[in-house]
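> next come a sequence and a model predicted from it.
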Amino acid sequence: MNLLHLKYAVEIAETASMTKAAENLYTSQPNLSRAMRELESTLGITIFNRTSKGIFPTPEGDEFLGYARKILSQVDAVEEMYRGEKKKVQKFSISVPRASYISCAFTEFSKQLNTQMPAEIFYKETNSMRAITNILNNDYKLGILRYQAQYEMNFKNMLEEKGLSFETICEFSYVLMMSPEHPLANKEEILLDDLNQYTEIAHADPFVPSMPHSTVKKNEISDKVDKHIFVFERASQMDILSEMTTSFMWVSPVPQQLLDRHGLITRTCKENTKTYKDILIYKKDYKFSALDDLFLKELIKFRNQLTK
């Protein structure tokens, strides 16, 4: 195993494509495939699953890639130090749930970055498990977790065990997001039974510590509805809701500017009694940077707009 192998593995993970990774690395695909086979043989693990939809890390591969990224980052830092070319770089990294008020805060934060300085900004929308993994293994500094309030102890116990601090950002109940042309859009009071003939757009990767995925998924997905489209990517969810006027989605409160941009509306359902929390997590010894403070300032601003 050498640094080149690590670079190859990280590039494959970033592109999810052997062909694209080979192009970016200026090498041939056979050479890249051979290097990965040698690396997997040396480590005794399978790093990637090859599928018709792309190449994706296995759980063991995910862990390995976390270490690989750390090593490469440290090598880059050492090279910069001894070349005498070290420049001040704006650095910020966070993993978040797919939430509109958080993405709006990040957009406003991004507009305030110093355009005269180098910047390395990482914003990853993912589930709670990966947000925690990114802090522990992938050198992310901040994370935001979302969970049902009934699972609070599951999360707090795990965060304590892993040496992570946490603080509540927002507590809320989900609302229904849909097209203004949806058949229920003008109904005075929407009931859960009203939803059973329509299609629910849902996240595909819920997570709760110490609980089977099947149980968590059952608790998150409405049993009143038998038509679901599971979508990982938030922009695609918005597109479907805009174009498929018989679809709906349970979401945290959404800033009006984003609803206007996508031509969507939100409606409440009094029968929905589930409450959720968004919490900020970080390592216990971590000191917030000026960029962290700037992002959190924007985050609180958008949260306050929703909770007025």
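Cool, got the structure.

> where does Ile71 fall, secondary structure wise?
helix 59-83 (DSSP states H and E).

> and the contacts of that helix?
With contact meaning Cβ atoms under 8 Å, 6 or more residues apart in numbering, helix 59-83 is reached by 3, 6-7, 9-10, 13, 43, 45-48, 57, 86-87, 133, 136-139. C-beta: built from backbone N, CA, C; applies to glycine.

> gap between the two ends of stretch 143-155?
13 Å (Cα to Cα, to the nearest Å).

> in contact with Arg146, which residues?
Taking Cβ under 8 Å, 6+ apart, one finds 97, 99, 128, 252, 276-278 in contact with Arg146.

> same thing but 10 Å
Listed by Cβ atoms under 10 Å, 6 or more residues apart in numbering, the contact set of Arg146 reads 96-99, 102, 127-128, 131, 155, 169-170, 172, 203, 206-207, 252, 276-279.

> can you check Lys20 too?
11-12, 14, 29, 54-55.

> the chain - how does it break down into domains?
By the assignment in automatic domain parsing, the chain contains the domains 3-82, 90-165+278-307, 172-276.

> determine how far the last one lies from the middle of the whole chain.
What it means is domain 172-276. 18 Å (Cα atoms, centre = their mean, to the nearest Å).

> now the longest one
Relative to the chain's own centre, domain 90-165+278-307 is displaced by 10 Å; criterion: Cα atoms, centre = their mean.

> my read: Val96 touches Phe109, true?
No: counting by Cβ atoms under 10 Å, Val96 sits too far from Phe109 to count as a contact (11.9 Å).

> common neighbours of those two, please.
With Cβ under 10 Å, 6+ apart as the test, Val96 and Phe109 both reach 123, 299.

> which of the contacts of Arg146 are buried?
Using 16 or more other Cβ atoms under 10 Å as the burial test, the contacts of Arg146 include 96-99, 102, 127-128, 131, 155, 169-170, 172, 203, 206-207, 252, 276-279 as buried.

> helices - which of the contacts of Arg146 land there?
Of those, the ones assigned to helices by DSSP state H are 102, 128, 131, 155.

> tell me the one of the residues you listed nearest Met36?
For the ones in helices among the contacts of Arg146, the residue nearest Met36 by Cβ to Cβ is Ala131; the value is 27.2 Å.

> wait, that closest one touches Tyr147, no?
No: with contact defined as Cβ under 10 Å, Ala131 does not reach Tyr147; the gap is 11.1 Å.

> need the pLDDT of the residue nearest to Phe295 when sequence neighbours are not counted.
In space, and not counting its chain neighbours, Phe295 is closest to Phe109: 4.5 Å by Cβ to Cβ, 6 or more residues apart in numbering. Turning to Phe109, the model gives it a pLDDT of 95.

> list the contacts for Phe109?
Neighbours of Phe109 in contact, by Cβ under 10 Å, 6+ apart: 92, 94, 121, 123, 291-292, 294-299.

> secondary structure, pLDDT and distance to Leu113 for these - can I get that in a markdown table?
A markdown table is the format used below for those (DSSP: H, G, I helix; E, B strand; the rest coil; pLDDT from 0 to 100; distance: Cβ to Cβ, whole Å):
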| residue | secondary structure | pLDDT | distance to Leu113 |
| --- | --- | --- | --- |
| Phe92 | strand | 95 | 9 |
| Ile94 | strand | 96 | 14 |
| Ile121 | strand | 93 | 7 |
| Tyr123 | strand | 94 | 12 |
| Leu291 | helix | 94 | 8 |
| Asp292 | helix | 94 | 13 |
| Leu294 | helix | 95 | 9 |
| Phe295 | helix | 95 | 10 |
| Leu296 | helix | 95 | 15 |
| Lys297 | helix | 95 | 14 |
| Glu298 | helix | 94 | 12 |
| Leu299 | helix | 94 | 16 |
